[in-house]
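> based on what follows, work out the 3D shape:
(chains A and B)
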Amino acid sequence: SAVISQKPSRDICQRGTSLTIQCQVDSQVTMMFWYRQQPGQSLTLIATANQGSEATYESGFVIDKFPISRPNLTFSTLTVSNMSPEDSSIYLCSVGKSMGNEQFFGPGTRLTVL
Amino acid sequence: GENVEQHPSTLSVQEGDSAVIKCTYSDSASNYFPWYKQELGKRPQLIIDIRSNVGEKKDQRIAVTLNKTAKHFSLHITETQPEDSAVYFCAASARDNYGQNFVFGPGTRLSVLP
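Residues are numbered from 1 along each chain as shown, chains lettered A, B, ... in the order given. Below you'll find the predicted structure:
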């Protein structure tokens, strides 16, 4: 499976600021996704990062709050904008090499908002 | 949209015993059902999956069964070991106009007691 890295691995941020999380894959992948996992909870899909077009957001998530870029087939960023303590969570990217459905997760970014 | 339920939320078994986790889904269009294992502080790892054209799949001590009519699928772990202790998530995936969309169950915390 692909090697997936995320930066930063963790961060502590002040309310009202923004943080951009990077996801890098060592091979080209068709599908890239961003998830949120709140403490002790399950994984919730934020959006699908589409290469060359706007991301597709799930219900409850909007582009102004979570802008996403995907400039190529190996890289994507998620920005958490105007943060509040409720945004404290683990953010994970996942990738699918083909339309065969398997998804593999990056190591996650643990975000704490004070 | 898809809704995935998972039971039990916690499960304790003695080492060597079997563990069974059950999931139900609501969208009959779902066609792919992965299971992920997440150890504390780590990323979710894909451990086994099953597609809608198969009723059962086995990989060493792990097996998954699918009943499409009843819309439920189960994870079976035999001869449990302490290293099986983790949170397990099921998911259901259906194709839509944007590709695929995973919906995760709430998770089962499995403890294997030595």
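
> for residue 72, which non-adjacent residue is closest in space?
This is for chain A. For A:Asn72, ignoring the flanking residues on the chain, the nearest one in space by C-beta to C-beta, 6 or more residues apart in numbering or on different chains is A:Gln51 at 6.6 Å. Heads up, the C-betas are built off the backbone N, CA and C, glycines and all.

> switch to chain B, please.
Excluding its sequence neighbours, the residue lying closest to B:His72 (C-beta to C-beta, 6+ apart) is B:Thr24, at 4.4 Å.

> wait, isn't that neighbour in contact with B:Ser74?
No: counting by C-beta atoms under 8 Å, B:Thr24 does not reach B:Ser74; the two are 9.9 Å apart.

> what are the buried residues along stretch B:76-91?
B:His76, B:Ile77, B:Thr80, B:Asp84, B:Ser85, B:Ala86, B:Val87, B:Tyr88, B:Phe89, B:Cys90, B:Ala91 (16 or more other C-beta atoms under 10 Å in any protein chain shown).

> next up, the contacts around the residue nearest to A:Asn72.
Each residue near A:Gln51 by C-beta atoms under 8 Å, 6 or more residues apart in numbering or on different chains is listed here: A:Met32, A:Arg70, A:Pro71, A:Asn72, A:Leu73.

> in PyMOL, select just the buried ones from the residues you listed.
The buried subset of the contacts of A:Gln51, as determined by 16+ other C-beta under 10 Å, is captured in PyMOL by this line:
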select buried, chain A and resi 32+70+73
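
> can you redo the contacts of A:Gln51 as TSV with pLDDT, distance to A:Val80 and secondary structure?
Listed next are the contacts of A:Gln51 as TSV, based on pLDDT from 0 to 100; distance: C-beta to C-beta, whole Å; DSSP: H, G, I helix; E, B strand; the rest coil:
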residue	pLDDT	distance to A:Val80	secondary structure
A:Met32	92	17	strand
A:Arg70	95	16	strand
A:Pro71	94	19	strand
A:Asn72	94	22	strand
A:Leu73	93	24	coil
